[in-house]
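In: Here you go, sequence then predicted model.
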Amino acid sequence: HSLELKLQQETNLLNSLLDSVPDSIYFKNKKSQFIRVSKSFLKKHNISDVESIIGKTDADFLNTEFASQTFEEEQLMMETGKPVLDKLQSKLDTATGKTRYDIANKIPIFDQNDRIVGLFGISRDITELKNAELKLNKERELLQSLLDTTPDTIYFKDLSSKFTKINLAQANLLGLQSPEEAIGKDDFDFAPPEQASIFYRDELSIMKTGKPLLNHIERVRRTDGVVAWVSTNKVPIKDHTGKISGLVGVSRDITESHNLELKLKQETKLLNTLLDNIPDTIYFKDASSKFTRINQAQANSLGIPTPEDAIGKSDFDFFDEADATIAYNDEQTMMKIGLPIINKLEHFKTNDQYRYVTATKIPLKGEKGEIIGMVGISHEITDLKNTEAELNKEKELLQSLMDNIPDTIYFKDTLSRFTRINMAQARSLGIQSPDDAIGKTDFDFSPKEQASLSFQDEMDIMAIGKPLVNHVEKVSRADGNVIWVSSTKIPVK
């Protein structure tokens, strides 16, 4: 009865989402036939009865060329398993005769045996935004083609935050006739003092710490008085010695998308709950670091049958106290200061075995900006760490052999130049360190006649690819003594 109730709750949640979300949502089988769609999908395509579309394909109500391209794309996706993400699509609306634009995302659906059985798609109509963009681009087309190649503003600054170079888009933003007019000036010459002070503080911090400012949303007031929102990236510039000498900044006007993002914030949160189809573990926690929701991959990692079994519990219920304490302290510190943890290497013990993951943990905020919990994503890298450990072990064994074996060992390139030797070979050559032989040949250490014989043997070995085994050679050592050695030389591939 509990499972039926939970199933009904999930069904009600999905039905509510399909009935209310403004984006077009649809599910298809392997033949690209519709099996379920949202109300917004029906409205978008002027379909009154949902039953009339079930079992049909795009070819039944879209133009042949677009439907054919869509079918081929979906079949390829279900064959390869690679989703189609953020694809811009344009198609003719036969009812109005106008072109409509949308952003499409399509994700394969897997059954319990990891076989692809269909797809899940979401299309977001951006026709109004696209038409506005097209209109703006048309009005600025001649100016943009003559003045600049990018709508983004790009600028370079020195250690005092003074402009050393800007592009034409930035010059336009500052109200200048040419980029050269900004050289030697700073934001205080163009922006209100309070706004310029924020820029100056951020930029000095970047150049002092070396940490870039990425995708930072800023509110700016243009010279014409219009308030706009931009997405800014500022990265420190280093000279040839590695010393920070300034910064480069790139800003993109996102006023329209920023306003749209605020309006669709709640819908986006609901939509994200559908994206529980990746192998990485995903988990949500409250301010006390107790699980509020996890995906199936995380449930498998914790050794529990369903994600619901983790709700209200914490890492202390599944891991050693020492490992759980480390994770708990990290999460509490992160939620206190509000800074995310990105790709942190974590290890913990389960079933008497250590596992390794790279963990990203991000604080979640409520509507008033207060931190109410966190979301975490962990990527399993245990096999990689085990492989690295084995490789290091092999390297240590090789180095131990090289350091302790009394026989001389050496490696050469295709020109018979030493690339690596052991200490026994260094002593034989009369040098202090194996590094002193790197890049040199036998001609640098042995009599010419002896070096010529060795050189010819080695050229023959590398030419035919056959080793020279237990070859008796007469060798004149660096101390003048003549000895006889049994030499084995093997080509390296």
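Out: Arrived safely.
In: When you work out contacts or count neighbours from here on, use the C-alpha atoms and nothing else.
Out: OK.
In: pLDDT weak spots in the stretch 101-250 of the chain?
Out: Low-confidence segments of the stretch 101-250 of the chain (pLDDT under 70): 140-148.
In: how about a cut-off of 80?
Out: Residue ranges of the stretch 101-250 of the chain with pLDDT under 80: 136-150, 221-225.
In: how about the helices in it?
Out: 127-147, 168-174, 193-209 (DSSP state H, counting those that start in this stretch).
In: Make TSV out of those and add distance to residue 75 and mean neighbour count.
Out: As requested, the helices of the stretch 101-250 of the chain are arranged in TSV below (distance: least, Cα to Cα, whole Å; neighbours: other Cα atoms under 10 Å):
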stretch	distance to residue 75	mean neighbour count
helix 127-147	27	13
helix 168-174	43	19
helix 193-209	47	15
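In: Now render the ones you listed as CSV, adding distance to residue 180.
Out: What follows is the helices of the stretch 101-250 of the chain, written out as CSV (distance: least, Cα to Cα, whole Å):
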stretch, distance to residue 180
helix 127-147, 14
helix 168-174, 9
helix 193-209, 20
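In: Residue 103 touches residue 129, doesn't it?
Out: No - using Cα atoms under 8 Å, residue 103 is not in contact with residue 129; the gap is 11.4 Å.
In: and for those two, which residues touch both?
Out: By Cα atoms under 8 Å, 6 or more residues apart in numbering, residue 103 and residue 129 have no common neighbours.
In: residue nearest the centroid of the chain?
Out: Nearest to the centroid of the C-alpha atoms of the chain, with distances taken as Cα atoms, centre = their mean, sits residue 343, at 10.4 Å.
In: can you pull out the helices in the stretch 351-493 of the chain?
Out: 382-404, 423-429, 448-464.
In: for the longest one, what is the average pLDDT?
Out: So the one you mean is helix 382-404. Helix 382-404 shows a mean pLDDT of 82.
In: And that helix, what's buried?
Out: Neighbour-count burial for helix 382-404, with 16 or more other Cα atoms under 10 Å as criterion, is recorded at residue 402.
In: hmm, back to that, what about the helices of the stretch 101-250 of the chain, which gets the closest to residue 228?
Out: Closest to residue 228 of the helices of the stretch 101-250 of the chain, according to Cα to Cα: helix 168-174, at 11.1 Å.
In: I'd like to know which elements that closest one is packed against.
Out: Here helix 168-174 touches strand 153-157, going by 3 or more Cα pairs under 8 Å, 6 or more residues apart in numbering; DSSP states H and E.
In: For the strand it packs on, what is the distance to the chain centroid?
Out: 25 Å (Cα atoms, centre = their mean, to the nearest Å).
In: Over to stretch 454-465?
Out: 47 Å.
In: next one: stretch 399-406
Out: Worked out by Cα atoms, centre = their mean, stretch 399-406 lies 42 Å from the chain centre.
In: could you dump it to PDB, C-alpha only?
Out: Provided in PDB are the C-alpha atoms of stretch 399-406 (Å, rounded to 0.1, in the frame of the first residue of the first chain):
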ATOM      1  CA  GLN A 399      63.600   2.400  -9.900                       C
ATOM      2  CA  SER A 400      64.700   0.000  -7.200                       C
ATOM      3  CA  LEU A 401      66.000  -2.400  -9.800                       C
ATOM      4  CA  MET A 402      67.800   0.400 -11.600                       C
ATOM      5  CA  ASP A 403      69.400   1.600  -8.400                       C
ATOM      6  CA  ASN A 404      70.600  -1.700  -7.000                       C
ATOM      7  CA  ILE A 405      71.400  -4.200  -9.800                       C
ATOM      8  CA  PRO A 406      75.200  -4.500 -10.400                       C
END
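In: Residue numbering should commence at 11 henceforth.
Out: With 11 as the first residue, the last one maps to stretch 409-416.
In: Contacts for it, please.
Out: Looking at stretch 409-416 with Cα under 8 Å, 6+ apart, the contacting residues turn out to be 419, 431, 432, 433, 434.
In: Next one: the last one, what pLDDT does it get?
Out: The predicted structure scores residue 434 at 90 on the pLDDT scale.
In: Same check on the second one?
Out: Confidence per residue is given as pLDDT, and for residue 431 that number is 92.
In: and it, bridged to which residues?
Out: residue 420 (DSSP bridges).
In: That one is in contact with residue 417, isn't it?
Out: No - in this structure, residue 431 is not within contact of residue 417 by Cα under 8 Å, at 11.0 Å.
In: Between those two, which has more neighbouring residues?
Out: residue 431 (21 against 13; other Cα atoms under 10 Å).
In: quick one: contacts for the more buried one?
Out: Contacts of residue 431 (Cα under 8 Å, 6+ apart): 412, 418, 419, 420, 421, 444, 445, 447.
In: What about the residues you listed, which one has the most neighbours?
Out: residue 447 (22 neighbours).
In: The residue nearest to the centre of the chain sits in which helix or strand?
Out: strand 351-360 (DSSP states H and E).
In: tell me which residues of that strand are tucked away?
Out: Neighbour-count burial for strand 351-360, with 16+ other Cα under 10 Å as criterion, is recorded at 356, 357, 358.
In: Stretch 247-258 now?
Out: 247, 254, 256, 257, 258.
In: Just list whatever residues bridge to the third one.
Out: Right, the one you point to is residue 256. residue 247.
In: Make sure it is actually in contact with residue 166.
Out: Yes - using Cα under 8 Å, residue 256 makes contact with residue 166 at a distance of 7.4 Å.
In: re the thing from before, which pair of the buried residues of stretch 247-258 spans the longest distance?
Out: Maximum distance among these (Cα to Cα): 11.3 Å, for 254 and 258.
In: Name the residues contacting each of the two.
Out: Joint contacts of residue 254 and residue 258 (Cα under 8 Å, 6+ apart) are 246, 247.
In: Which element, helix or strand, includes residue 267?
Out: helix 265-273.
In: Would you mind listing the outside residues contacting that helix?
Out: 139, 238, 239, 240.
In: picking up where we left off before, nearest to residue 134, out of the helices of the stretch 361-503 of the chain?
Out: Here helix 392-414 is closest among those (Cα to Cα), at 38.4 Å.
In: what angle separates the closest one from strand 351-360?
Out: Put simply, helix 392-414 runs at 80 degrees to strand 351-360, going by axes from the mean of the first three to the mean of the last three Cα atoms, to 10 degrees.
In: gap between helix 392-414 and the chain center?
Out: Offset of helix 392-414 from its chain centre (Cα atoms, centre = their mean): 29 Å.
In: List the contacts of stretch 214-232.
Out: 169-171, 183-184, 201, 205, 237-246, 254-257.
In: what about that stretch, distance to the chain center?
Out: With Cα atoms, centre = their mean, you get 21 Å for stretch 214-232.
In: Show me what counts as buried in stretch 237-248.
Out: In stretch 237-248, counting by 16+ other Cα under 10 Å, buried: 239, 240, 241, 242, 243, 244, 245, 246, 247.
In: Show me the strands in the stretch 11-160 of the chain, by range?
Out: Under the criterion DSSP state E, counting those that start in this stretch, strands of the stretch 11-160 of the chain are mapped to 34-39, 44-47, 94-103, 108-120, 126-135.
In: I'd like the mean pLDDT over the third one, please.
Out: Taken as a whole, strand 94-103 has an average pLDDT of 86.
In: so how far is it from its chain's centroid?
Out: With Cα atoms, centre = their mean, you get 24 Å for strand 94-103.
In: what packs against that strand?
Out: strand 108-120.
In: From the rest of the structure, what touches the strand it packs on?
Out: So strand 108-120 is in contact with 87-88, 91-103, 126-137, 140, going by Cα under 8 Å, 6+ apart.
In: List buried members of those residues by neighbour count.
Out: 87-88, 91, 93, 126, 128-136.
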